[in-house]
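1. Sequence plus the predicted model coming up.
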Amino acid sequence: MRAIGVAPVALLGAAALALTAPSAAAYGTTSGGASSATGFTVTPSVISPGSRVTLAARGCSTTATAGSAVFDTVTIPAGGTGVATVDWDARPGASYEVTFICSTSPDPTAKSGLTIAAAPAPATRPAVAPAGAQSGLGGGIGTMNTVEIAAGAASAMAAVAGSVLVARRRRERRSH
């Protein structure tokens, strides 16, 4: 098989991978969502509308607050975490700023980025079935992280490339 035939498939795969991997550098943050040096984190940093985000203020020795345009202000206990639900009307693909306020920190205000995923998360089901045994392959229902999305895109591209390779080899054999 000629290399020129594989090039479009490889480029398509690279483009799909680049588009599915959100940029953690949008706000100059780490993959956790905020600077780990300050102890203020947003997890996950990429989330679907209607999903819950965990906010931590580990660098604050008193009660801290966190707020954003896509969720209400949350009070975070000293050294603990808080949970906020992202508004359903958050714009998919948009990046929002999360502001942490801690009066005992050397820098009382810290900012972090939060990116809204392109599609809303599927509805979750109860952790325990109301009656009877659960069956099936199992697994949790929720949002996928960047690694899972990238692995899925890579698997799909490998399947397409393999199919093209097999089809071309069959065609070459028939023409001889």
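-> Received, thanks.
2. Lowest mean pLDDT among the helices and strands of the chain, which one is it?
-> None of the helices or strands of the chain scores lower by mean pLDDT, DSSP states H and E than helix 3-20, at a mean of 53.
3. Give me the buried stretch members for whichever helix or strand comes after it, please.
-> Next helix or strand after helix 3-20 toward the C-terminus (DSSP states H and E): strand 40-43. Buried residues in strand 40-43, counting neighbours by 16 or more other Cβ atoms under 10 Å, are found at Phe40, Thr41, Val42. Using the backbone N, CA and C atoms, a C-beta is placed for each residue, glycine as well.
4. One more: stretch 84-97?
-> Ala84, Val86, Asp87, Ala90, Tyr96.
5. so where's the longest helix in this structure?
-> Longest helix in the chain by number of residues (criterion: DSSP state H): helix 146-175.
6. Buried residues, that one. List them.
-> Ile149, Ala150, Ala153, Met157, Ala161.
7. Counting by contacts, list what it packs against.
-> Packing partners of helix 146-175 (3 or more Cβ pairs under 8 Å, 6 or more residues apart in numbering; DSSP states H and E): helix 3-20.
8. residue ranges with poor pLDDT in this protein?
-> Scanning the chain for pLDDT under 70 picks out the ranges 1-38, 119-144, 176.
9. Could you pull up the contacting residues of the nearest residue in space to Val70 that is not next to it in sequence?
-> Of all residues not flanking Val70 in the chain, Ala90 sits nearest, at 4.4 Å (Cβ to Cβ, 6 or more residues apart in numbering). Neighbour list for Ala90: Pro49, Val70, Tyr96, Ile116 [criterion: Cβ atoms under 8 Å, 6 or more residues apart in numbering].
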